[in-house]
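Novice: Quick one, structure for this:
(one chain, ligands or ions: 1)
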Amino acid sequence: MAGSVDEDRGTAYAQLLRGQKALVTGAHSGIGMATAIALGRAGADVVVNYVVGADEAEKVVAQIEGLGVRAYAHEADVSDEDQVVAMVARMVKEFGTIDIMVANAGLQRDAAATDMTLQQWQKVIDVNLTGQFLCAREAAKEFVRRGVVPEVSRSAGKIICMSSVHQIIPWSGHVNYASSKGGVGMLMQTLAQELAPQHIRVNAIAPGAIRTPINRDAWSTPEAEAELLKLIPYRRVGDPDDIADAVVAMASDLLDYVVGSTLFVDGGMTLFPGFATGG
Ligand code: NAD
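Specialist: Numbering: from 1, shown residues only. This is a model prediction of the structure:
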């Protein structure tokens, strides 16, 4: 008897990244956790990077292993060059190579511009921008060394930068964060231009408001959520799975001709919602 539509969809999903090796940074929580699990569901072996939250990271690993693929957790600070180099080197040793790098780790250190310390500025730039550069660079080295393996994927490797709607929307009180994500946009485009001739695809996913620990204050009370929904034409706060599914699609050969793009996954937040009634 034929399977249900859901079973068929599940089977198709499980084939999308079969045999590929993926690394997700900042994967003990939020979007990174959902992404690591979705990549496993799509058939990839997954490295779960974390810098805090070892127990949660091990639970993510167990969940991914339960899907019938391999996974392990690796502690590393993405803003530390030696730690990133060692993390990718270990992955190449244990899994043989890397096919998908999801540079997801990020943080906020909010303050009014006039009160922001250099430390607050630098920490956000170090993790959100320099961290993505280091992870992309180490993955790209392995992609170039190995080249295309047609049975695995049409491209030599995929780098997916986790950006934000603040790649293009200015954000008062968050100048360090908005600057880091604006930088991620140009980091991604320049790497895409430079690496495309070697069949490496570099793209970004730009989430809108997603329910995770990073922005708990924005959705944790009904009043805060109502305010937030005014900024979202689709009138729902996003879930980590909304982003995880976008990452799977972006990493798969379905989107093989997508190079240097930012996919906004934001319920329309970048559509200038204030102009729906004003202007
Ligand atoms: P989160 O706080 O749950 O996840 C961030 C992760 O990054 C955590 O696991 C954290 O431990 C990790 N991290 C922080 N510093 C690190 C370091 N130095 N090395 C390694 N890991 C480190 O929040 P999230 O919402 O899941 O954020 C994930 C990404 O999505 C971030 O880049 C964030 O900017 C981006 N984003 C989130 C939203 C949202 O609405 N939640 C919107 C746009 C963009």
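Novice: Run through the stretch 1-150 of the chain and note the low-pLDDT ranges.
Specialist: 1-3 (pLDDT under 70).
Novice: What ranges does it have for its helices?
Specialist: Remark: helices assigned in the stretch 1-150 of the chain by DSSP state H, counting those that start in this stretch are 5-15, 30-41, 54-65, 81-95, 118-125, 131-146.
Novice: Over the helix or strand that the last one is followed by, what's the mean pLDDT, rounded is fine.
Specialist: Beyond helix 131-146 on the C-terminal side, the first helix or strand identified by DSSP states H and E is strand 157-162. Strand 157-162 shows a mean pLDDT of 99 in the predicted model.
Novice: Please identify the pairing partners of strand 157-162 and their relative orientation?
Specialist: Strand pairing for strand 157-162, using DSSP bridges, gives strand 100-103 (parallel), strand 200-207 (parallel).
Novice: Quick one, which of those gets closest to the ligand.
Specialist: Across these, the ligand has its closest neighbour in strand 200-207 (3.8 Å, C-beta to the nearest ligand atom). In short, each C-beta sits where N, CA and C put it, glycine included.
Novice: is that closest one anywhere near the ligand?
Specialist: Yes. Residues of strand 200-207 contacting the ligand under C-beta under 6 Å from any ligand atom: Pro207.
Novice: That strand to helix 30-41, inter-axis angle?
Specialist: 130 degrees (axes from the mean of the first three to the mean of the last three C-alpha atoms, to 10 degrees).
Novice: if we can go back for a sec, please work out which of the helices of the stretch 1-150 of the chain is packed deepest.
Specialist: Sort the helices of the stretch 1-150 of the chain by mean neighbour count, taking mean count of other C-beta atoms under 10 Å, and helix 30-41 sits at the top with a mean of 26.
Novice: Which secondary structure elements does it sit against?
Specialist: strand 21-24, strand 45-50, helix 54-65, strand 100-103, helix 240-251 (3 or more C-beta pairs under 8 Å, 6 or more residues apart in numbering; DSSP states H and E).
Novice: and those as JSON lines, adding distance to the ligand?
Specialist: Converted to JSON lines, those look like this (distance: least, C-beta to the nearest ligand atom, whole Å):
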{"stretch": "strand 21-24", "distance to the ligand": "10"}
{"stretch": "strand 45-50", "distance to the ligand": "6"}
{"stretch": "helix 54-65", "distance to the ligand": "8"}
{"stretch": "strand 100-103", "distance to the ligand": "8"}
{"stretch": "helix 240-251", "distance to the ligand": "7"}
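Novice: Residue numbers of the protein in contact with the ligand?
Specialist: 25-26, 28-32, 49, 51-52, 77-79, 104-107, 127, 131, 162, 164, 207, 209-210, 212-215.
Novice: which of those residues count as buried?
Specialist: Buried members of the residues of the chain next to the ligand, counted by 16 or more other C-beta atoms under 10 Å: 25-26, 28-32, 49, 51, 77-79, 104-107, 127, 131, 162, 164, 207, 209-210, 212, 214-215.
Novice: What's the local residue count around the nearest residue to Val102 once chain neighbours are set aside?
Specialist: Nearest non-adjacent residue to Val102, counting by C-beta to C-beta, 6 or more residues apart in numbering: Val24, 4.4 Å away. Per other C-beta atoms under 10 Å, the neighbour tally for Val24 reads 33.
Novice: if I read this right, Val24 contacts Asp45, doesn't it?
Specialist: No. Using C-beta atoms under 8 Å, Val24 is not in contact with Asp45; the gap is 11.6 Å.
Novice: residue contacts, Gly236?
Specialist: Heads up, residue 236 is Arg, not Gly. Going by C-beta atoms under 8 Å, 6 or more residues apart in numbering, Arg236 touches Leu229, Gly267.
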